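*Asks:* all I have is the shape, not the residue letters:
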DNA sequence: GGAGACATGTAAAATGTTACATGATTAC
DNA sequence: GTAATCATGTAACATTTTACATGTCTCC
């Protein structure tokens, strides 16, 4: 399905970027839902250039350092749009190693399971707090109102979804811990 | 990290199974959070046997059909337990192709985006309804009360988490659609 | 001058999916 | 008999991660 291809086309549709810039985006908010290492990105950029979906310009940073700044072509925009507007099924599996452990909970002692769940809850709470902060920052920057017209709407959608994902996980962990403590 | 290894050890810790049986489990509730194709399972079973974590007995089904029924060894149980009780970080990225599209929403027309989100909401609602049914079935079978002692506790945890995951997604999709419809 | 960020690539290994290949059993 | 399910494997390909490899720029 070559999802990385579309991730790159989507990023370049927002503006020209170097491969290095893309890794930064994957480390930021977008990284909640998609990411790739530079060792995967650089070959993909070469391939997309060969296919005519993107093109680059070499820019000199400082006095020597060469940087390739990529942009999306008309063909690339068509390709991106086709993928974006295609209805796709909900995936059967979204892998979650912690939930795999939860399924095997009977192989642990009660105390061990409680420790595991409590640790996970602490970490998820921390992540939720971090995401909430990022959302507050975005609201500071863009105002508290978001609509389809807002240039930050995509950013807003990703942050709110990630935050609710963590909050939902935390609530479930709390409920599970309560059931465990009752014996 | 060889997570499939631990998935197999965990399944065998609950009881002896053939490779085929494992694919069935990955198609059922557990498949919400982990899965593997038979082409990945069979080589892994061979490897785990070589490593001494599992062993098998050949059983004749009917008059000719050979079936390998695997069981976990003492070494396998130790290995499983070590993984289960290890605290792990929350993953930075949980890949979600739909959310990648959401991030690039500005590359769509309002009507296109609404169609995409409405389609996703319909599909997620359907999945949530299916999971709710499975949970009701489990409660019929095991009673409405679940505790650490219950032999179905792992099953219960996985179903409730999957259901809440879908419900959370649906609520977020509804909110997003409202924002879009306001313009 | 050194640390950390900027910048780009390749190689090897691990993981996961799709396709190829075969045959038995069960229920209709 | 025939379709669906049971049952096991390999081969080829695609994706992803980790490690190898190199060099520049900016700030302190």
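*Replies:* Structure's in. What do you need? The model shown is predicted, which means the values in this text are computed figures rather than measured ones.

*Asks:* what about the closest residue to residue A:32 other than its chain neighbours, distance to DNA strand D?
*Replies:* Spatially, and ignoring its direct neighbours in sequence, residue A:32 is nearest to residue A:162 (4.1 Å; C-beta to C-beta, 6 or more residues apart in numbering or on different chains). All C-beta atoms are positioned from the backbone trio N, CA, C, and that covers glycine. For residue A:162, the distance to DNA strand D equals 17 Å [C-beta to the nearest atom of the strand, to the nearest Å].

*Asks:* just checking, residue A:162 touches residue A:34?
*Replies:* No: the pair residue A:162 and residue A:34 does not pass the contact test of C-beta atoms under 8 Å, sitting 11.8 Å apart.

*Asks:* helices or strands up against the helix or strand where residue A:23 lies?
*Replies:* Remark: residue A:23 resides in helix A:19-27, with elements defined by DSSP states H and E. Contacting helix A:19-27 under the criterion 3 or more C-beta pairs under 8 Å, 6 or more residues apart in numbering or on different chains; DSSP states H and E are the following elements: helix A:3-14, helix A:38-50, strand A:65-72.

*Asks:* check contacts around the residue lying closest to residue A:181 once chain neighbours are set aside.
*Replies:* Once flanking residues are discounted, residue A:181 sits nearest to residue A:114: 7.2 Å by C-beta to C-beta, 6+ apart. Residue A:114 makes contacts with A:177, A:180, A:181, as judged by C-beta atoms under 8 Å, 6 or more residues apart in numbering or on different chains.

*Asks:* who's in contact with residue A:98?
*Replies:* A:120, B:88.

*Asks:* against DNA strand D, how distant is residue A:179?
*Replies:* Distance of residue A:179 to DNA strand D, computed by C-beta to the nearest atom of the strand: 32 Å.

*Asks:* pretty sure that residue contacts residue B:146?
*Replies:* Yes: counting by C-beta under 8 Å, residue A:179 touches residue B:146, with 6.1 Å between them.

*Asks:* overlap of the contact sets of the two?
*Replies:* Shared contacts of residue A:179 and residue B:146, defined by C-beta under 8 Å, 6+ apart, are found at residue B:153.

*Asks:* filter the contacts of residue A:114 to the buried ones?
*Replies:* A:177, A:180 (16 or more other C-beta atoms under 10 Å in any protein chain shown).

*Asks:* from the contacts of residue A:114, pick the one nearest DNA strand D.
*Replies:* Of all the contacts of residue A:114, residue A:177 has the smallest distance to DNA strand D: 29.2 Å, by C-beta to the nearest atom of the strand.

*Asks:* which strands or helices does the one helix or strand the closest one maps to pack on?
*Replies:* Element membership for residue A:177 (DSSP H and E) is helix A:153-181. Here helix A:153-181 touches helix A:110-142, helix B:97-103, helix B:153-181, going by 3+ C-beta pairs under 8 Å, 6+ apart.

*Asks:* tell me the domain boundaries of chain A?
*Replies:* Per automatic domain parsing, the structural domains of chain A span A:3-84, A:97-181.

*Asks:* give the buried residues for stretch A:62-69.
*Replies:* Using 16+ other C-beta under 10 Å as the test for burial, stretch A:62-69 gives A:68, A:69.

*Asks:* state the distance from residue A:56 to DNA strand C.
*Replies:* Plainly put, residue A:56 is 8 Å away from DNA strand C if you go by C-beta to the nearest atom of the strand.

*Asks:* and that residue, what is it in contact with?
*Replies:* A:45, A:49, A:68, A:69, A:70, A:71.

*Asks:* again, 10 Å this time
*Replies:* By C-beta atoms under 10 Å, 6 or more residues apart in numbering or on different chains, the residues touching residue A:56 are A:16, A:18, A:19, A:45, A:46, A:48, A:49, A:67, A:68, A:69, A:70, A:71.

*Asks:* wait, the second one sits on residue A:59?
*Replies:* Pointing back at residue A:18 there. Yes: with contact defined as C-beta atoms under 10 Å, residue A:18 and residue A:59 form a contacting pair (8.1 Å).

*Asks:* who's more crowded, those two?
*Replies:* Remark: of residue A:18 and residue A:59, residue A:18 carries more neighbours, 17 against 12, as counted by other C-beta atoms under 10 Å in any protein chain shown.

*Asks:* check contacts around the more buried one.
*Replies:* Residue A:18 sits next to A:24, A:41, A:45, A:56, A:59, A:61, A:67, A:68, A:69, A:70 when contact means C-beta under 10 Å, 6+ apart.

*Asks:* you'd agree residue A:90 is up against residue B:162?
*Replies:* No: Residue A:90 lies out of contact with residue B:162 (C-beta under 10 Å); the separation is 11.5 Å.

*Asks:* how about the residues of chain A that lie near DNA strand C?
*Replies:* Chain A comes close to DNA strand C at residues A:18-21, A:24, A:38-39, A:42-43, A:45-46, A:61, A:65-68, A:93, A:95, as judged by C-beta under 7 Å from any atom of the strand.

*Asks:* now the domains of chain A in TSV, with mean pLDDT and distance to residue B:78?
*Replies:* As requested, the domains of chain A are exported to TSV (pLDDT from 0 to 100; distance: least, C-beta to C-beta, whole Å):
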stretch	mean pLDDT	distance to residue B:78
domain A:3-84	98	33
domain A:97-181	98	11
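
*Asks:* so which of those domains is nearest residue B:126?
*Replies:* The closest of these to residue B:126 is domain A:97-181. By C-beta to C-beta, the value is 19.1 Å.

*Asks:* any idea how far residue A:181 lies from residue B:148?
*Replies:* Residue A:181 sits 9 Å away from residue B:148, taking C-beta to C-beta, to the nearest Å as the criterion.

*Asks:* shared neighbours of the two, anything?
*Replies:* Common neighbours of residue A:181 and residue B:148 (criterion: C-beta under 10 Å, 6+ apart): A:110, A:114.
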